[in-house]
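*Asks:* turn this into a structure:
(one chain, ligands or ions: 1)
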Amino acid sequence: MNISLPDIDRLKLAKKESTKNVTILGSTGSIGCNTLDLISRNKDKYTVKALTANRNVDLLAKQAIEFDAELAVIADEGLLNELKEALMGTDINAAAGPKGLDEAAELPAEWVMSSIVGAAGLKPTLTAIRRGATIALANKECLVCAGGFMMDQVKDNGAVILPVDSEHNAIFQILDFDNPETVDKITLTASGGPFWNTDISKLKEITPAQAVDHPNWSMGAKISVDSATMMNKGLELIEAHYLFPVDKNQLDIIIHPQSIIHSMVSYVDGSVLAQLGTPDMRTPISYALGWPDRMKTPCKKLDLTEIGNLSFIKPDDEHFPSLKITREVLQNGGSAPTILNASNEVAVYAFLEGKIGFLDIAKIVEKTLTKLSFHKLTSLDDVLEVDEHARCVAHELITGISE
Ligand code: NDP
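*Replies:* Numbering: from 1, shown residues only. Sure, this is the predicted structure:
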């Protein structure tokens, strides 16, 4: 069953509470830095409770001092002393490891940006969900790997999810949540990444440096590779399934290389609503940060005459096997998306480390899926067990390739 986003009553409640205290899980990444950029322009409106990073102590400490955070957390426990040293002379608390991330998520911030990359963000995001926080969700992997279970937790705990992914944020802005039966289909637009028009015969030679060089968006390495394989769009298809009250077969994908239309909703009367803007993540982040109000951003204003033409291409499964794989995974449901996400994470980092080729990423994911059976996920432990098992299988397959 699909679970819709917050209804009007919850929206009003969130407005009344006003989103003052914020925590950013993954503050040193691309989304985290963009979020802090917006906060720095509205410092009187937000109090930063906690900031977290994986290994980037210098930037984390700098951010924590600049925004006078209550707590700074470094996920790599070996770096705790370094963080404490960097925060010496301040009253900012330092913590580390999974317990530290949980501590950050527990602090009473009404608004939590979930922008850790990968399934590593799942536990702290769930912690914030369980205390009923408003979650600005950038981390699509945690929704893909824990899907229905995570949305049940949202519902049971009165939490609110605000999609930050530009496509889902666009849909959030234009979908008639009160009348989902009037929706004919949702179309996710995709830039197509750097290789949508590269000859298939050349794809196997793609290097990590070429894959992370996205033509429109400036993003972290993992999502950039996902965009290049179009696995990102597949993950987003699954994300959309969990977020929006439509059937799986009402979700469509179209390549739109200019990244101006961020997604579209077609209604039964033939109307198509779209959300447009220049490709700058500060627009969707600001929508979640200011929600339910809009806030000013420094983003370049859209000038369609400057752009001239917008183009659209039907994606080709042969060019982008990840799309076919994710559509099948979406149909299977249960633990299949968890396996997909875990094996993709392992394969992407193996590619970035030069252990496998670009085309091996989708092959590893597909093979991992065929080696494991699927079941309905019942608990967080179940999710984590499936995730770990899939990672082991993917690692074995990679060892087979690189030997
Ligand atoms: P980045 O790689 O730029 O940043 C990731 C953040 O997570 C950093 O703060 C990093 O810390 C931290 N981190 C990494 N690994 C761990 C770990 N194991 N435990 C705890 N923290 C960790 O990623 P992005 O900002 O690009 O993306 C973040 C999420 O948002 C992803 O899920 C992505 O799919 C999604 N997203 C991103 C968009 C974008 O434009 N960038 C657009 C839409 C969605 P450190 O800096 O120390 O490594």
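*Asks:* looking at this, Thr52 is in a helix?
*Replies:* No. If the criterion is DSSP: H, G, I helix; E, B strand; the rest coil, then Thr52 is strand and not within a helix.
*Asks:* quick check: bridge partners of the residue nearest to it when sequence neighbours are not counted?
*Replies:* Leaving aside its chain neighbours, Thr52 sits nearest to Val73 (4.2 Å; criterion: CB to CB, 6 or more residues apart in numbering). From N, CA and C alone the C-beta is placed, and that goes for glycine too. Beta-bridge pairing of Val73 under DSSP bridges involves Thr52, Ala95.
*Asks:* so for Val73, what's the pLDDT?
*Replies:* What the model reports for Val73 is a pLDDT of 98.
*Asks:* where does this protein have low pLDDT?
*Replies:* Low-confidence segments of the chain, defined by pLDDT under 70, span residues 1-19, 403.
*Asks:* what does it have sitting close to the ligand?
*Replies:* Residues of the chain lying near the ligand by CB under 6 Å from any ligand atom: 26-32, 53-56, 75, 115-117, 120, 138-141, 165, 217, 219-220, 222-223, 281.
*Asks:* isn't the residue nearest to Thr52 right up against Glu106?
*Replies:* No. Counting by CB atoms under 8 Å, Val73 does not reach Glu106; the two are 11.0 Å apart.
*Asks:* just the strands from the stretch 251-400 of the chain, written as ranges.
*Replies:* Listed in chain order, the strands of the stretch 251-400 of the chain (DSSP state E, counting those that start in this stretch) span 251-255, 261-267, 272-276.
*Asks:* so what does the last one touch, helix or strand wise?
*Replies:* Counting contacts by 3 or more CB pairs under 8 Å, 6 or more residues apart in numbering; DSSP states H and E, the secondary-structure elements packed against strand 272-276 are helix 166-174, strand 261-267.
*Asks:* and the shortest one, which strands flank it?
*Replies:* Right, the one you point to is strand 261-267. strand 183-190 (antiparallel), strand 272-276 (antiparallel).
*Asks:* now do that strand: everything it contacts.
*Replies:* 166-171, 174-176, 182-189, 272-277, 284, 310 (CB atoms under 8 Å, 6 or more residues apart in numbering).
*Asks:* quick one on the thing from earlier: just the buried members of the residues of the chain next to the ligand?
*Replies:* The neighbour count (16 or more other CB atoms under 10 Å) marks 26-32, 53-54, 56, 75, 115-117, 120, 138-141, 165, 217, 219-220, 222-223, 281 as buried among these.
*Asks:* if we can go back for a sec, go through the strands paired with strand 261-267 and pick out the most buried.
*Replies:* A comparison of these by mean neighbour count, using mean count of other CB atoms under 10 Å, puts strand 183-190 on top with a mean of 21.
*Asks:* give me the contacts around that one.
*Replies:* Residues from elsewhere that reach strand 183-190, judged by CB under 8 Å, 6+ apart: 167, 171, 175-176, 227, 230, 232-233, 236-237, 240, 244, 246, 250-256, 259, 261-268, 315.
*Asks:* can you check stretch 319-337 too?
*Replies:* Under CB under 8 Å, 6+ apart, the answer for stretch 319-337 is 144-145, 147-148, 196, 200, 203, 229-231, 233-235, 237-238, 241, 248, 251, 253, 315, 317, 339-340, 361-362, 365-366, 369, 372, 374-377, 382-383, 386.
*Asks:* Arg55 and Asp76 touch, don't they?
*Replies:* Yes. Using CB under 8 Å, Arg55 is in contact with Asp76, at 4.9 Å.
*Asks:* whichever residue of the stretch 151-300 of the chain sits closest to the ligand: what's it in contact with?
*Replies:* Ranked by CB to the nearest ligand atom, the top residue of the stretch 151-300 of the chain for proximity to the ligand is Gly220, at 2.5 Å. Counting by CB under 8 Å, 6+ apart, Gly220 touches 29-31, 117.
*Asks:* nearest to the ligand, of the residues you listed?
*Replies:* Gly29 (1.9 Å).
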